[in-house]
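Colleague: this one's structure only:
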């Protein structure tokens with residue numbers, strides 16, 4: 001055994017050890033190995049970095065950029081919502097629908113990216129249908145892998161093999177050359193988990209650890225029921241303000257959001273008036289909501305459509321605030337400081353330092369008082385830098401906004417990339433053109449948003 005072979009095995013052993021122990025991130029391990037090999041003299045510096053000139057490597061990078069753009073545009077939210085509404089809550093049907101969807105998605109992006117892209121939506125679907133995550137995640141993972149065989153651009157090995165064919169003077173496979181085989185593999189995986197999933201998937205009921213929002217809800221015995229109502233033309237609620245409608249005192253309800261003409265207002269000001277055609281998101285017990293709907297002749301929708309993001313704990317939830325000793329808000333009521341109007345957060349409950357629950361609207365703020373609120377994490381996050389309130393709930397930095405008007409540009413950019421591939425242009429050029437188009441159209445931000453890091 002030569003010295004070069006021994007050094008190569010040593011570096012390989014180091015890589016395996018680091019991958020298994022997870023002492024470093026996988027991307028750092030890859031870079032470390034790339035740097036170590038030329039230092040040992042096993043390969044030259046040019047050979048170590050030659051991969052960056054590979055069509056396959058650049059293609060994978062471009063596909064990941066396009067996957068990020070599709071995610072940021074909110075297309076996946078629409079897909080998850082469609083599955084929830086059309087498939088129902090039967091476990092086998094949801095498992096098949098989500099697996100097939102992820103398989104199709106992974107046909108034009110890396111399987112890791114496809115799985116990561118759909119994971120938040122999958123959790124939301126499972127939560128709505130009361131299905132343990134273990135029953136959905138594993139089939140989705142296999143579907144993402146099998147979906148990569150539908151085209152020549154989604155699987156790293158297929159991209160590399162196609163590159164090697166070109167380098168050796170052979171004719172490369174076309175985009176859909178492997179599609180018949182890929183469809184058979186994906187269909188086999190979906191059918192397998194549909195009929196045998198209950199036998200091979202984990203039996204444990206395995207619930208996820210409760211989130212901070214869920215713990216607050218349980219601690220203060222709060223309801224997490226959110227309903228969407230429509231203000232009808234004949235409703236006596238029209239022209240009344242939120243305050244005048246007595247939602248808090250008479251019905252024990254909180255208004256989380258109002259949408260009118262496609263524009264949403266979260267935690268609207270108490271002086272906001274109701275109008276015909278508005279959609280309203282209410283937080284409260286089902287009986288209280290039904291009483292309110294009946295009293296004001298409103299239309300209760302069967303599920304959240306316009307405000308589905310409020311159900312997703314990745315986007316919104318309960319949080320605890322404490323009034324610091326030197327807060328300038330001490331002695332004032334929420335109405336006096338215009339809390340909802342200023343912070344876009346809905347106050348739900350007050351708890352004094354002695355543990356007593358108090359009415360929200362008329363209670364002057366005191367040092368040490370705990371206030372339970374409901375809002376989007378991006379709005380709660382802004383309070384962290386204020387002197388008025390101390391946020392004691394661990395809030396995850398908000399994800400980029402899913403802008404409704406970015407869905408069409410994102411899909412258009414993806415379509416342009418695939419069209420270039422079909423026309424015979426190189427993969428790297430085709431997909432990087434699509435990624436650049438996403439940047440120019442605003443799907444991917446041109447500047448880094450420092451506030452979200």
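Modeller: Cool, got the structure. Values in this document were obtained by computation on a predicted structure and should not be read as measured data.
Colleague: Every contact and neighbour count from this point should use C-alpha atoms.
Modeller: Noted.
Colleague: and the gap between residue 107 and residue 137?
Modeller: 18 Å (Cα to Cα, to the nearest Å).
Colleague: What of residue 31?
Modeller: Taking Cα to Cα, one finds residue 31 at 30 Å from residue 137.
Colleague: ditto for residue 213
Modeller: 23 Å.
Colleague: Equivalent analysis for residue 304, please.
Modeller: According to Cα to Cα, residue 304 stands 24 Å off from residue 137.
Colleague: Same question for residue 333.
Modeller: Distance check for residue 333 against residue 137: by Cα to Cα, it reads 47 Å.
Colleague: So for these two, which residue has more residues nearby?
Modeller: Applying other Cα atoms under 10 Å to residue 333 and residue 137 shows that residue 137 carries more neighbours, namely 21 against 17.
Colleague: Next, that one: secondary structure please.
Modeller: Look at residue 137: counting by DSSP: H, G, I helix; E, B strand; the rest coil, its state is helix.
Colleague: Return the residues in contact with it.
Modeller: 119, 122 (Cα atoms under 8 Å, 6 or more residues apart in numbering).
Colleague: Could you do residue 340 as well?
Modeller: 267, 268, 269, 270, 346, 347.
Colleague: and residue 236, that's in a strand?
Modeller: No - using three-state DSSP, the secondary structure at residue 236 is coil, not a strand.
Colleague: what's it in contact with, if anything?
Modeller: By Cα under 8 Å, 6+ apart, the contact set of residue 236 is 296, 297.
Colleague: From residue 9, how far off is it?
Modeller: Counting by Cα to Cα, the separation of residue 236 from residue 9 is 79 Å.
Colleague: what are the ranges of the helices in the stretch 251-400 of the chain?
Modeller: Using DSSP state H, counting those that start in this stretch, the helices of the stretch 251-400 of the chain run over 286-295, 334-337, 339-343, 377-382.
Colleague: Remind me what the first one packs against, helices and strands.
Modeller: Put plainly, it is helix 286-295. The helices and strands touching helix 286-295, judged by 3 or more Cα pairs under 8 Å, 6 or more residues apart in numbering; DSSP states H and E, are helix 247-251.
Colleague: Give me the buried positions along the helix it packs on.
Modeller: 247, 248, 251 (16 or more other Cα atoms under 10 Å).
Colleague: what's the offset of stretch 184-201 from the middle of its chain?
Modeller: Between the centre of stretch 184-201 and the centre of its chain there are 26 Å (Cα atoms, centre = their mean, to the nearest Å).
Colleague: Give me the contacts around that stretch.
Modeller: So stretch 184-201 is in contact with 92-93, 95-96, 99-100, 103, 134-135, 138-139, 142-143, 146-147, going by Cα under 8 Å, 6+ apart.
Colleague: Among those residues, which pair sits farthest apart?
Modeller: Within the contacts of stretch 184-201, 134 and 147 form the most distant pair, 20.0 Å apart (Cα to Cα).
Colleague: More neighbours: which of the two?
Modeller: The residue with more neighbours, out of residue 134 and residue 147, is residue 147; 33 against 17, by other Cα under 10 Å.
Colleague: who touches the residue lying closest to the more buried one once chain neighbours are set aside in this structure?
Modeller: Excluding the flanking residues, the one nearest residue 147 by Cα to Cα, 6 or more residues apart in numbering is residue 103, at 4.0 Å. Going by Cα under 8 Å, 6+ apart, residue 103 touches 140, 143, 144, 145, 146, 147, 148, 186.
Colleague: Which of these has the largest number of neighbours?
Modeller: With neighbours taken as other Cα under 10 Å, the top of the contacts of residue 103 is residue 147, carrying 33 neighbours.
Colleague: Next, the contact list for it, please.
Modeller: Residue 147 touches 102, 103, 104, 105, 106, 107, 111, 182, 183, 186, counting by Cα under 8 Å, 6+ apart.
Colleague: Now tell me what touches stretch 407-425 from outside.
Modeller: Contacts of stretch 407-425 (Cα under 8 Å, 6+ apart): 66, 69-70, 73-75, 174-175, 427, 430-435, 437-438, 441, 443.
Colleague: From those residues, which land in helices?
Modeller: 66, 69-70, 73, 75, 427, 430-435, 437-438 (DSSP state H).
Colleague: Mind listing what's buried along the lengthiest helix in the chain?
Modeller: If you go by DSSP H, the chain has its longest helix at helix 179-200. For helix 179-200, burial by neighbour count (16+ other Cα under 10 Å) applies to 179, 182, 183, 185, 186, 187, 189, 190, 193, 194, 197.
Colleague: What's the first helix or strand after it?
Modeller: Proceeding N to C from helix 179-200, the next assigned helix or strand is helix 212-219, under DSSP states H and E.
Colleague: quick one: residue 235 and residue 295 touch, right?
Modeller: No - contact between residue 235 and residue 295 fails when scored by Cα atoms under 8 Å: they sit 9.1 Å apart.
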